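K.L.:
below is the sequence, then the predicted model.
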Protein chains: 2
Amino acid sequence: MTHAFPQPQPPSAVVLLSGGLDSATVLAIAKSRGFDCHCLSFDYGQRHTHELKMAARQAKLQGALSHRVAKVDIGAFGGSALTADIAVPKDRSDDAMTHGIPVTYVPARNTVFLSYALGLAEVLGARDLFLGVNAVDYSGYPDCRPEFITAFEKLANLATKAGVESLESGAGPHFRIHAPLIALSKRAIIEQGTTLGVDYAATSTCYDPQPDGKPCLHCDACQLRLRAFAELGRTDPAA
Amino acid sequence: MTHAFPQPQPPSAVVLLSGGLDSATVLAIAKSRGFDCHCLSFDYGQRHTHELKMAARQAKLQGALSHRVAKVDIGAFGGSALTADIAVPKDRSDDAMTHGIPVTYVPARNTVFLSYALGLAEVLGARDLFLGVNAVDYSGYPDCRPEFITAFEKLANLATKAGVESLESGAGPHFRIHAPLIALSKRAIIEQGTTLGVDYAATSTCYDPQPDGKPCLHCDACQLRLRAFAELGRTDPAA
């Protein structure tokens, strides 16, 4: 006689997946922490869609439970080199790359993205949201800093049925926002992802890729990535 | 000889405009406080689009500078009677209307809407965001409470270039979130809007209107509205 014992279901998480190196690493980290992952990407009028193809590929490669692409209208507001007709800077000095808020900043982008992720998490019954923001290499983006993440987590628990019910019952915060890369260098991110088996050939980081999806190798994002692989004595598998 | 003196430009504001009674009143309040108003509505897969027609009409009637309709995907997540195939409750008792979180709650809706408004405000150079949430008649919605508004205002000033630059310069918070109806009864809202000349015939509040846009008169939203007009000895001009 055999008994089938009910197995505990792994908790599920919503992972913001752009198709870049960082979010591919975050997906691997979420999985390594025991989460079943629902991936969420955005078509926000970015000038290149190659990264959305890479997002779909990563979700599949890493065994995600689902992958959604939400179409959002923020690109129509303009104001960023990533969505409007503003030139992406090339071959800048280190100093220019790390000081001030870059023209590639998209107004309120991470706030919009996390809001969608929160709505999805509430519907799916997930408590954990993962995103690949990084305050080291992109210190110029206000919505990549720890203060922003903390403020959003607080908001999330006040904004939702699940959050409010948990706070009112005394069970503490329901939603947790995880930004596991926030204090890591690009090099450390690549090291961690490599350990977890991330295939970086199937990622797209470039702000201004060629029509076939190949990186320009000259924008800030390409330069940071190339340098990090070089520091590790490796060549960028997507270059 | 005549001199043309430069005139101060009125400050501009972003007003979330649903086409309902509350947001029509908020638009009038923002205008009465001296703001030039950019209105923002959302097509989020709500089952009725009559309210979007009323939003466009209100923006025009009240002399807004612009009116945008952003299409957002949150309806696809499901989970609400307003976007999914869940019955809208009819003819409920007062007790059922004011206790617990209603099935008409849309997950993270106001968080998503305010995030868009924030992005638009940043692009337009507006500092003031207005929305018509109300904690009295809809106490069941977590994202209609003062704690939510306060948390979003804090987030807004950490999430944006303009917000961070203002905080870092010592100038204090850049963005202000105004919820002027938050503590008003429906009756007081109608009184205030009437004083400001709002045409409530051109508003839509019903959760489940007929195909021609006429209200059902039985859902919670209709009942609250009918009762408020009755208390004022008036008939609802949209009924």
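P.N.:
That came through fine. Numbering: from 1, shown residues only, chains lettered A, B, ... in the order given.
K.L.:
can you give me the helices for chain A?
P.N.:
If DSSP state H is used as the criterion, the helices of chain A fall at A:21-32, A:50-61, A:94-98, A:109-124, A:146-159, A:161-168, A:186-195, A:220-231.
K.L.:
between the ones you listed, which one is nearest to B:Ala126?
P.N.:
B:Ala126 lies closest to helix A:109-124 among those, at 15.8 Å (CB to CB). Glycine gets a C-beta too; all of them are placed from N, C-alpha and C.
K.L.:
just checking, what packs against that closest one?
P.N.:
For helix A:109-124, the elements it packs on are strand A:12-16, strand A:36-43, strand A:128-130, helix A:146-159, helix B:109-124, helix B:146-159, judged by 3 or more CB pairs under 8 Å, 6 or more residues apart in numbering or on different chains; DSSP states H and E.
K.L.:
relative to the third one, what are the paired strands and their orientations?
P.N.:
Just to be clear, that refers to strand A:128-130. Take DSSP bridges as the rule and strand A:128-130 pairs in its sheet with strand A:12-16 (parallel), strand A:176-178 (parallel).
K.L.:
which among those is found nearest to B:Val72?
P.N.:
The minimum distance between B:Val72 and the strands paired with strand A:128-130 falls on strand A:12-16, with 16.3 Å, by CB to CB.
K.L.:
what's that closest one in contact with?
P.N.:
Where contact means CB atoms under 8 Å, 6 or more residues apart in numbering or on different chains, the residues beyond strand A:12-16 that reach it are A:23, A:26-27, A:30, A:35-41, A:64-65, A:113-114, A:117, A:120-121, A:124-132, A:178.
K.L.:
mind redoing it with 6 Å?
P.N.:
Contacts of strand A:12-16 from elsewhere in the structure, counted by CB atoms under 6 Å, 6 or more residues apart in numbering or on different chains, are A:27, A:30, A:35-40, A:113, A:117, A:120-121, A:126, A:128-131.
K.L.:
stretch A:223-233 too?
P.N.:
Outside of stretch A:223-233, the residues within contact range by CB under 6 Å, 6+ apart are A:137, A:186-187, A:190, A:205, A:236.
K.L.:
now the helices and strands packed on helix A:109-124 in a markdown table, with distance to A:Thr2 and mean neighbour count?
P.N.:
Rendered in a markdown table, the data for these read as follows (distance: least, CB to CB, whole Å; neighbours: other CB atoms under 10 Å in any protein chain shown):
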| stretch | distance to A:Thr2 | mean neighbour count |
| --- | --- | --- |
| strand A:12-16 | 29 | 26 |
| strand A:36-43 | 26 | 22 |
| strand A:128-130 | 34 | 23 |
| helix A:146-159 | 43 | 23 |
| helix B:109-124 | 48 | 26 |
| helix B:146-159 | 51 | 23 |
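K.L.:
with distance to B:Lys71 as added columns, please give the ones you listed in a markdown table.
P.N.:
A markdown table is the format used below for the helices and strands packed on helix A:109-124 (distance: least, CB to CB, whole Å):
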| stretch | distance to B:Lys71 |
| --- | --- |
| strand A:12-16 | 20 |
| strand A:36-43 | 12 |
| strand A:128-130 | 23 |
| helix A:146-159 | 21 |
| helix B:109-124 | 11 |
| helix B:146-159 | 22 |
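K.L.:
dump those to TSV, plus mean pLDDT and distance to A:Leu224.
P.N.:
Supplementary listing: these in TSV, determined by pLDDT from 0 to 100; distance: least, CB to CB, whole Å:
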stretch	mean pLDDT	distance to A:Leu224
strand A:12-16	97	19
strand A:36-43	93	21
strand A:128-130	98	21
helix A:146-159	95	20
helix B:109-124	91	25
helix B:146-159	95	23
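K.L.:
which one of these lies closest to B:Pro6?
P.N.:
Ranking the helices and strands packed on helix A:109-124 by proximity to B:Pro6 (CB to CB) places helix B:109-124 first, at 20.7 Å.
K.L.:
using CSV, write out every CA atom in that closest one.
P.N.:
Coordinates of the C-alpha atoms in helix B:109-124 are reproduced here as CSV (Å, rounded to 0.1, in the frame of the first residue of the first chain):
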residue,chain,number,x,y,z
ARG,B,109,-5.3,50.2,-9.9
ASN,B,110,-4.6,53.5,-8.2
THR,B,111,-0.9,52.7,-7.9
VAL,B,112,-0.7,52.0,-11.6
PHE,B,113,-2.8,55.1,-12.5
LEU,B,114,-0.7,57.4,-10.2
SER,B,115,2.5,56.0,-11.6
TYR,B,116,1.4,57.0,-15.1
ALA,B,117,0.3,60.4,-13.8
LEU,B,118,3.7,60.8,-12.2
GLY,B,119,5.6,60.0,-15.4
LEU,B,120,3.4,62.5,-17.3
ALA,B,121,3.8,65.2,-14.7
GLU,B,122,7.6,64.8,-14.8
VAL,B,123,7.6,65.1,-18.6
LEU,B,124,5.2,68.1,-18.6
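K.L.:
what angle sits between that helix and helix B:161-168?
P.N.:
80 degrees (axes from the mean of the first three to the mean of the last three CA atoms, to 10 degrees).
K.L.:
enumerate the residues of chain A near chain B.
P.N.:
Within chain A, the positions near chain B by CB under 6 Å from any CB of the partner chain are A:70-71, A:73-74, A:77-79, A:101, A:107-108, A:111-112, A:115, A:118-120, A:122-123, A:142-143, A:147-148, A:151-152, A:154-155, A:158-161, A:164.
K.L.:
do that again at 7 Å, thanks
P.N.:
In this structure, chain A approaches chain B at residues A:70-74, A:77-79, A:101, A:105, A:107-108, A:110-112, A:115-116, A:118-120, A:122-123, A:142-143, A:147-148, A:151-152, A:154-155, A:158-161, A:163-164, judged by CB under 7 Å from any CB of the partner chain.
K.L.:
do you know how far the closest residue to A:Ile190 other than its chain neighbours is from A:Leu61?
P.N.:
For A:Ile190, the nearest residue in space outside its immediate sequence neighbours is A:Ala228; the separation is 5.5 Å by CB to CB, 6 or more residues apart in numbering or on different chains. Taking CB to CB, to the nearest Å as the measure, A:Ala228 and A:Leu61 are separated by 21 Å.
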